[in-house]
Structure formats: C-alpha cells, structure tokens
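**Q** give the three-dimensional model of this entry:
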Amino acid sequence: MNNFFEIASDELTQDSFICWLLSNIDDKDLGNISKKFLSFLCDEKFGESKVKITKITRQFKHIDIIVDYFVDDDPRLLIIEDKTNSTMHGTQLTDYINEVEGWDSKETKKRIVHFVYYKTGYVENWEKNELKKFRLIDIKEIYDFFSNLDSSSEIFNHYKNNIVKMYKDKNEDSDRPLDSWSFDNWRYYFDKFLKDKYESKINWQLVTYHGKYLSALIYFKDSDKYEHTTCLEIIFRKENTINATIHPVATRAETNSWKRNNNESICKIIDDAKLNKSFKHYSRNQTVAASERKINPSNLQEAENMFCNWIDDYLADFERFNTK
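**A** The predicted model follows:
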C-alpha cells in the first residue's frame, strides 16, 4: 500500500495529522501516544498530572494550530506554526506572538503559552535566527520521537514511516533511481558533492522553494569584495530536469543577501563575450545565460559530470565579470 503522507505531503495534511493525534488523547489505543506527543511539543513532563485538551483550532488569525488544554486545573495554550518545505515570511511569527499575548492581557492569571515551530523540511540558518519565542522542532527531533513508538493505527504508522523516510533522505545516500529522488536526496548528495570537489573555490547555499524545486546558489569565494558579480543557480525540478542559469547579482544590497540585478556593465560584458559550450546566452528576466538537461535515472556519474561542466565553465568564463 502506498504511503498516504508521501502523496499528500503538504502542510495542510500535516496540520490535520497533528490535530488528529492530539484529539485522540482520551482514546484507548492512541491516548498514551497522544499525551506523549503533547508533552513532546510543549517540552513538558506531565508525570501523574491530569491532562485534558478542551479545544483544537485551525487557521484562526492565520495561526496554523491552537491547542487549549489543562494540566490539572491550570489552563494552557499551545501555538503551532507547521511547515514542511516552506519558510516563515515577513513578520509572521512576531504577529502571532503579539496576537496571542493580547488574549490574556486583561486576565489576572495569564495562561502558560508554548510557541512551537514544527518543521519536517530543511531549516535554513536565517530561519533559526527569526524564531523569536517559538521553539524549533526539526526533523531530527521529530524522527527521534516517532521512530520509537508503535501503534496499531494505520494513520499513525503511515506518518511515522514517512518521517523515517524523510529523515533518511536528508542524512543518507539513496540507492533509488534518480528520477525517484526527493529534493532531500538531492540536497544531501549535492551538498556533499560541492564540499568534496569545490569547497576551496566557491560558496553556496541550497534552498527548497515550496516543495516545487531545489535551488543551489553558487558564487565565488570572497564575493563580498565586489559590489556586483554573477551567481550560478542550479535548479532541480520535480519533472526531473536540471537547469543552470547565470544571473547578475548585487552582493552589497543587504547583509548576507543576494539580489538579482540588471547591472548593465555585467550584461554588456556577457553580451560581448563568447560563452562556453555549457551555456546558451540570452538576456531576459535578469538571467544572462542558461542550460537545461534531462536527468538520466540510471546514471549518477553522468549527472555529476554535468554539474562539474557547469561549475567549471562558470568559474573559468565568468570570474572576470566582477565589478567593484
């Protein structure tokens, strides 16, 4: 039987599972696991205390999940921001904190509130710096929790097995055909590949966008010396194609950020240059050169050779296009 959570892999499905498991805290079969899950999310040890969940709310004031519960006679709140492969945006977490903290502003006794950022996808470093009062629960912690539990529930076991698969995809080499690789498989492989072959020459970052594609942004060492330079972006798409594009970028636009930039001096140099065999030239949508290939599902070495060609040609031909 196919795993339901591999097919329905979006955040709303994961929201539903979290709510379903917590709602079964009084169930004969799942109650103990549900109570352990609440304890895990809140980072609390309930011991012999009586725990009762009174209300579970979804998408109120854009907050993914709100859990009203009691520990003995003390009312508490659990606020969950649930993510799979997307990231927080804008002032999202701060807005939720301000909203929730306003609910008890007139009460004499304020509820204990736990804020949780629950994410099964890759957590970017900048996300960790923007958590505010939210406690991060990442795939490693989620894997450690679920992998040690057993249940007769098919729903529970589908979620548990999918968590185990996701964790292994993020941390182990895959022996599956390339056309069945997840973005996590590619992220793990490509990060190791770049470290082994190019770490002394380039910097890079890997970003997954809304579960639709994985982007590897590759740029020169010491690029922060330049006001404008170029960035090589290798994109892995779900339809098993890989694109490589070269963008003019502004490196000093913001701290630790790369901004695509229609820098006329770089575009003119590239317009006048003879591009190498890897890239076809065009100036459109802030992209100045591109290449696209189909992945051969049985040949990882062929894919690796393609990556090397792209990166080597980029380093050889475009290093002179930096501007101070």
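
**Q** from here on, just use CA atoms for contacts and neighbour counts.
**A** Fine.

**Q** Ile66 reaches Leu78, doesn't it?
**A** Yes. The criterion here is C-alpha atoms under 8 Å, and Ile66 meets it with Leu78 at 5.8 Å.

**Q** give the contact list for the residue nearest to Lys140 when sequence neighbours are not counted.
**A** Sequence neighbours aside, Tyr167 is the residue nearest to Lys140 in space, at 6.9 Å (criterion: C-alpha to C-alpha, 6 or more residues apart in numbering). Residues near Tyr167 by C-alpha atoms under 8 Å, 6 or more residues apart in numbering: Ile139, Lys140, Tyr143.

**Q** let's see which of those residues end up in strands.
**A** Of these, none are assigned to strands by DSSP state E.

**Q** can you flag the buried ones in those?
**A** Neighbour-count burial (16 or more other C-alpha atoms under 10 Å) is assigned, among the contacts of Tyr167, to Ile139, Lys140, Tyr143.

**Q** where does this structure dip in pLDDT?
**A** 210-211, 224, 226-228, 239, 250-278, 280-289, 317-324 (pLDDT under 70).

**Q** which residues in it form helices?
**A** Secondary structure of the chain (DSSP state H): helices at 4-7, 11-23, 31-42, 92-103, 125-128, 139-146, 154-171, 183-198, 264-272, 300-318.

**Q** closest one to Ile56 among these?
**A** In terms of C-alpha to C-alpha, the element of the helices of the chain nearest to Ile56 is helix 11-23, at 6.9 Å.

**Q** for that closest one, C-alpha coordinates in CSV please.
**A** In CSV, the C-alpha atoms belonging to helix 11-23 read as follows (Å, rounded to 0.1, in the frame of the first residue of the first chain):
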residue,chain,number,x,y,z
GLU,A,11,1.3,21.4,5.2
LEU,A,12,-2.5,21.2,5.5
THR,A,13,-2.2,17.4,5.6
GLN,A,14,0.4,17.6,8.3
ASP,A,15,-1.8,20.0,10.2
SER,A,16,-4.6,17.5,10.0
PHE,A,17,-2.4,14.7,11.4
ILE,A,18,-1.2,16.8,14.3
CYS,A,19,-4.7,17.8,15.2
TRP,A,20,-6.0,14.2,14.7
LEU,A,21,-3.3,12.7,17.0
LEU,A,22,-3.8,15.3,19.7
SER,A,23,-7.6,14.9,19.5
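
**Q** and that helix, how far out from the chain's middle?
**A** 19 Å (C-alpha atoms, centre = their mean, to the nearest Å).

**Q** for that helix, which positions count as buried?
**A** Buried residues in helix 11-23, defined by neighbour count with 16+ other C-alpha under 10 Å: Glu11, Gln14, Asp15, Phe17, Ile18, Cys19, Leu21, Leu22, Ser23.

**Q** how about these in JSON lines, adding distance to Lys195?
**A** Listed next are the buried residues of helix 11-23 as JSON lines, based on distance: C-alpha to C-alpha, whole Å:
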{"residue": "Glu11", "distance to Lys195": "31"}
{"residue": "Gln14", "distance to Lys195": "33"}
{"residue": "Asp15", "distance to Lys195": "35"}
{"residue": "Phe17", "distance to Lys195": "37"}
{"residue": "Ile18", "distance to Lys195": "37"}
{"residue": "Cys19", "distance to Lys195": "40"}
{"residue": "Leu21", "distance to Lys195": "40"}
{"residue": "Leu22", "distance to Lys195": "41"}
{"residue": "Ser23", "distance to Lys195": "45"}
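
**Q** picking up where we left off before, closest one to Asp74 among the helices of the chain?
**A** Taking those one by one with C-alpha to C-alpha, helix 31-42 is closest: 14.4 Å.

**Q** in that closest one, what's buried?
**A** Gly31, Ile33, Ser34, Lys35, Lys36, Phe37, Leu38, Leu41, Cys42.

**Q** same thing with stretch 90-105?
**A** Quick answer for stretch 90-105 (16+ other C-alpha under 10 Å): Leu93, Tyr96, Ile97, Val100.

**Q** would you confirm that the second one contacts Ile66?
**A** Yep, that's Tyr96 we're talking about. No. Between Tyr96 and Ile66 there is no contact under C-alpha under 8 Å: 10.9 Å.

**Q** what about Asn37, distance to Phe60?
**A** Let me fix one detail, which is that residue 37 is Phe and not Asn. 22 Å (C-alpha to C-alpha, to the nearest Å).

**Q** how far away from the center of its chain is stretch 214-230?
**A** For stretch 214-230, the distance to the chain centre is 21 Å (C-alpha atoms, centre = their mean).
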